[in-house]
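Peer 1: the following comprises the amino acid sequence and a computationally predicted model.
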Amino acid sequence: MYDLLRLLADSTRVRILAALEDEELAVNELADVLEMSQSRISNHLRLLRGAALLRARRDGAWTFYRTALEENGDRDTLWSVVRHGLRGNAELEADVARRQRVLEKRRQRSRAHFARASETLDDLALATGTLREEIVAAAAPRECVVVDAGCGDGGLTEILADTFDRVFAFDHAPGRLAAARARTPHDTVTFAHGEIDAVPLADGTCDIVFLSLVLHHVPRIVDALREAWRVLRPGGRVVVADLAPHDEESMRRQRGDLRLGLDADRLLADLSAAGFDRPHARPARDRVLAGRAELCIFLADGTKPSLRRRQSKKSKPKPKTKQKTRSQA
Ligand SMILES: C[S@@+](CC[C@H](N)C(=O)[O-])C[C@H]1O[C@@H](n2cnc3c(N)ncnc32)[C@H](O)[C@@H]1O
């Protein structure tokens, strides 16, 4: 505990932990947030990792860091006390604002790529070509309103239009969207320009949100999942298809990927954090062919709890504070 207190007695390390507590960042991104050199930050990262306060995730040639506090109750409690004492701290608030700008830069990088590029899933070579069938099979019932988030040039939209009553498809790249519109001019499909973390739909208006090969492009995955949760009706589902972690650095350069695949366990944790019940992941049969490599794909889904379930969760007494339940009140 003494060593831990010494580590937390340094303001730079506290700022690093605060910046990484609910988002992973690479060293160069942390350097922008803290306005410090990468080498200085790397030294602190080494100490924090040595004390198991941080976990590192390799992503090709990049490494992303995130806090690992929840894995240890004592550390988590101590950090909560430190964090509470630092509420309203001007330096940390300035870091939050700069972190927002760093995440915005990620979005710009991804958007700039899709504004130039013409590739989508259509020219991502697939090993078996079954991916879209697998995605659609993950969703039922069929009589419903579905959202194709980050629809690209509409390869999946076309199949969704043949399968579901109504489709709302959006993308933030105007060129991709125009291609999708031209490909599926059905009157049951509505196309719109939109951001995945600011979906142009009212709350609770659809039954299934599909996120096909798009989350590895978004700056902050949990924000995208929260938006999916917001636009779903109670009982609605989110279906994700994405690449598993891989080492094909060319995907970052040539395809504008912000992450070289997603860790399924991390995605399940993000689905829970966004409010989804029963998050579940499984491998897809299909794979993406990238040069000589075959990149694995996984499918994941989660359900927005029904109102009754959410109410009964809310009215459950909290273990420590002995609240009255509805029936007692
Ligand atoms: C690899 S394509 C996948 C297209 C389609 N979902 C499919 O499975 O064929 C990724 C698409 O996501 C879009 N995209 C990336 N980030 C986005 C964001 N933040 N908001 C909306 N669309 C986004 C890109 O413009 C691109 O068209």
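Peer 2: All right, it came through fine.
Peer 1: sheet-wise, list the partners of the helix or strand hosting residue 209 with their directions.
Peer 2: Using DSSP states H and E, residue 209 maps to strand 206-212. Partner strands and pairing direction for strand 206-212 (DSSP bridges) are strand 145-149 (parallel), strand 232-243 (parallel).
Peer 1: now do it: distance to the chain's middle.
Peer 2: Strand 206-212 sits 14 Å away from the centroid of its parent chain (C-alpha atoms, centre = their mean, to the nearest Å).
Peer 1: in contact with the residue minimising distance to the centre of the chain, which residues?
Peer 2: Nearest to the geometric centre of the chain sits residue 221, at 1.5 Å (C-alpha atoms, centre = their mean). Taking C-beta atoms under 8 Å, 6 or more residues apart in numbering, we find residue 221 in contact with 215, 262, 267, 270. In short, each C-beta sits where N, CA and C put it, glycine included.
Peer 1: one more: residue 242?
Peer 2: Residue 242 neighbours (C-beta under 8 Å, 6+ apart): 211, 213-216, 261-262, 267, 297-298, 300.
Peer 1: do that again at 6 Å, thanks
Peer 2: 215-216, 262 (C-beta atoms under 6 Å, 6 or more residues apart in numbering).
Peer 1: run through who's touching the strand holding residue 209.
Peer 2: Contacts of strand 206-212 (C-beta under 6 Å, 6+ apart): 135, 139, 144-149, 156, 228, 231, 236-241.
Peer 1: ranges for the strands of the stretch 1-150 of the chain?
Peer 2: Using DSSP state E, counting those that start in this stretch, the strands of the stretch 1-150 of the chain run over residues 25-26, 54-59, 62-67, 125-126, 145-149.
Peer 1: and this protein, what are its domain boundaries?
Peer 2: Domain assignment for the chain, taken from automatic domain parsing, gives 2-116, 121-309.
Peer 1: just those: most buried one?
Peer 2: Of all those, domain 121-309 has the most neighbours on average by mean count of other C-beta atoms under 10 Å, namely a mean of 19.
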